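K.L.:
Build me a model:
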Amino acid sequence: MATEQDSVIEKITELNKMAKRLNRDATNQAIAYAYKSYLLAYENKLKPQQASALVILAEGYLYNDIYDLALEYGFNALEIYKNDGEPEQIAETYTLLGWTYYDVENAELSLKYHTLAYNLYKKAENEQKAAVSLNAIGLIYQLKNQSKRATEYFNRVLVLANKYNNRTLLSAAYNNLGISSNNMGQFRKAIEYFQLSLKYSTGQLLALAEIHNQMAFSEVKLGQYPMAKKSLDQALSYIDKSTSNSKKENLLDYYRIFSQLHQLTGDYKQAYECIQRYNTVREELLSKNKVNALLTLTIKREAQEKERQIKALNLEKSLKSYQRNTLAIIVVLLIIIGFLLYNKMRNRQRKNAELAEVKEHMLSNKLEFNHVELKNYSMYMAHKNELINSFIEELTALEKSGPEDALQRLHKLVAKFRYDVNSEKYIEDFNLQIETKYQDFFYNLQQKFPTLTQNERRLCAQIRLNLSIKEIASLNNISVKSVEMARYRLRKHFELSTNDSLSDFLKPF
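P.N.:
Numbering: from 1, shown residues only. Below is the predicted model:
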């Protein structure tokens, strides 16, 4: 005889099934079912069912490009599965987190979670799911412009896909091999891969749209313009038929490739319109606020995990040790605050002096004044961010060294200074000054390279100001590696050789 709890579990399972089925093509309805499922599971304290609903919610918000919620629900599910779940459930959640980071072009974190998923699948001897993870890792190396290495992973996927006659995976692997071939300039070979991908296609609309988009790119590069137009028309027909929320990614490729085709055939008006549509869709997919929210939540999660570990260790400490540590924290805190205030005052005085010198120099050379003013302002912001970030790291370390009640008292201080480090307003002010004072530079850059995004144009301006990589990273609150990656993409976009200076290239604009 079924118990009341069995009935609840059955209802939750049915809601999750409906949500999972609707997630790709009717995401909002799927989210509604998943929320209902989660609330039932939560009220009845059914942890595994809560985790299942959270995974579906995370997936739904990922399809809707709401990355911060996708990440939050994904991490919540992961926390439950680590305590009460199976290894493959943990692996599936790692995969979801990996795709969330992939969508915002965070290659390192995406690689981390897809690799974790692959290792769990491999340990469980689930070769088909391991192949899916290998395919994802290959795509990440494509994102990092390492096409040769990506190809190695896609060939490994083909071996496993053939072993299990998995047509979906075969089609995806051949399509990805075609994209890698395009990236390496092997356009005829790419078309062969795309034809194989179509051969094994299972009829999924957006997969077909991607294949035809990429084939059109190969045909454009080979000068086969009528065939490219036909492929693009076919891609658009599949995109229009799809009801999936993720079809915007295919629209990006469509507009980008069609813009190139229009340029090569002399229809510059249509080329410009395609670029405008491309930029509009791209901003919708990867807005600054969404990325910032994602990074903020990532940092919060990592800090919470470390805090839990430290609390467990601190429970073993004696009262005497607590008093000694608390006193040390207070003394060091006062020293740090005094040092911070002193440096802030000194930097303000130095900035005022530098600005006074710049204003005097402006009388003889206005253009040089603009350059020096902006660079000084950016260096000030970079120094301010470095100082505050360093302070937060040290203070957080001190916060974690004390027992639980000491940590609670210090938490508000840490939160206050963490709030101060949010320099987005200064960054926007700085970018506004650059765009106002260097209108000709941005106009000339846009005319010659219309596909550059706003962030890429701003990076060009910062490089034009002769800022170092470290200064650019600090100014924009990103890692040095991210700046190097962005510079690499610019060099590739401008078709510069390794001996060409990116700064010298930008000076004539």
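K.L.:
how would you label Ser171: helix, strand or coil?
P.N.:
Following DSSP: H, G, I helix; E, B strand; the rest coil, we place Ser171 in the helix state.
K.L.:
Surely it touches Tyr193?
P.N.:
No: assessed by C-beta atoms under 8 Å, Ser171 is found out of contact with Tyr193, at 10.5 Å. (C-beta placed from N, C-alpha, C; glycine too.)
K.L.:
next structured bit after the host helix or strand of Ala461?
P.N.:
Using DSSP states H and E, Ala461 maps to helix 454-464. Later in the chain than helix 454-464, the nearest helix or strand by DSSP H and E is helix 469-476.
K.L.:
Can you name every helix or strand that that following helix contacts?
P.N.:
Packed against helix 469-476 by the contact rule (3 or more C-beta pairs under 8 Å, 6 or more residues apart in numbering; DSSP states H and E) you find helix 366-401, helix 424-437, helix 454-464, helix 480-494.
K.L.:
Going by neighbour count, list what's buried in it.
P.N.:
Ile469, Glu471, Ile472, Ala473, Ser474, Leu475, Asn476 (16 or more other C-beta atoms under 10 Å).
K.L.:
Check the fifth one and give its pLDDT.
P.N.:
With respect to pLDDT, Ser474 scores 78.
K.L.:
Repeat that for Tyr238.
P.N.:
Looking at Tyr238, its pLDDT is 94.
K.L.:
List the contacts of Ala486.
P.N.:
Glu456, Leu459 (C-beta atoms under 8 Å, 6 or more residues apart in numbering).
K.L.:
hang on, the earlier thing: name the member of the buried residues of helix 469-476 with the shortest distance to Glu210.
P.N.:
Asn476 (31.3 Å; C-beta to C-beta).
K.L.:
how close does that closest one sit to Leu109?
P.N.:
18 Å (C-beta to C-beta, to the nearest Å).
K.L.:
residue contacts, Asn175?
P.N.:
Shown in contact with Asn175 (C-beta under 8 Å, 6+ apart): Tyr193, Phe194, Ser197, Ala207, Glu210, Ile211, Gln214.
K.L.:
switch to 10 Å and redo it
P.N.:
When contacts are counted by C-beta atoms under 10 Å, 6 or more residues apart in numbering, Asn175 touches 154, 190, 193-194, 196-198, 200-201, 207-208, 210-211, 214-215.
K.L.:
Closest one of the residues you listed to Lys129?
P.N.:
Closest to Lys129 out of those is Phe154 (16.4 Å), distances taken as C-beta to C-beta.
K.L.:
Need the three-state assignment for that closest one.
P.N.:
Three-state assignment for Phe154 (three-state DSSP): helix.
K.L.:
Give me the neighbour count for it.
P.N.:
Residues contacting Phe154 under the criterion other C-beta atoms under 10 Å number 26.
K.L.:
Make 50 the first number, not 1, from now on.
P.N.:
Noted, 50 is the first residue going forward, which turns the last one into Phe203.
K.L.:
Okay, domains of this protein per the record?
P.N.:
Structural domains assigned to the chain are 366-471, 480-558, following automatic domain parsing.
K.L.:
which one of these has the lowest average pLDDT?
P.N.:
domain 366-471 (a mean of 64).
K.L.:
Which parts of the chain are strands?
P.N.:
Using DSSP state E, the chain contains no strands.
K.L.:
what's Ala210 in contact with, if anything?
P.N.:
Ala210 makes contact with 176-177, 180-181, 183-184, 203, 216-223, 249 under the criterion C-beta under 10 Å, 6+ apart.
K.L.:
Select only the buried ones of those in PyMOL?
P.N.:
To isolate the buried ones among these in PyMOL, judged by 16+ other C-beta under 10 Å, type:
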select buried, resi 176+180+181+183+184+203+218+219+220+221+222+223+249
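K.L.:
Tell me the one of the contacts of Ala210 nearest Ile512?
P.N.:
Looking across the contacts of Ala210 and measuring by C-beta to C-beta, the closest to Ile512 is Phe203, at 33.9 Å.
K.L.:
returning to that earlier point: nearest to Arg373 among the contacts of Asn224?
P.N.:
The closest of those to Arg373 turns out to be Phe203 (C-beta to C-beta; 58.0 Å).
K.L.:
And the closest one, how far from Asn168?
P.N.:
Taking C-beta to C-beta, one finds Phe203 at 19 Å from Asn168.
K.L.:
again, but for Ala79
P.N.:
30 Å.
K.L.:
So which of the two has more stuff around it?
P.N.:
Per other C-beta under 10 Å, whichever of Ala79 and Asn168 has more neighbours is Ala79, with 24 against 15.
K.L.:
who's in contact with the more buried one?
P.N.:
Contacts for Ala79 (C-beta under 10 Å, 6+ apart) come out as 65, 67-73, 105-106, 108-109, 112-113.
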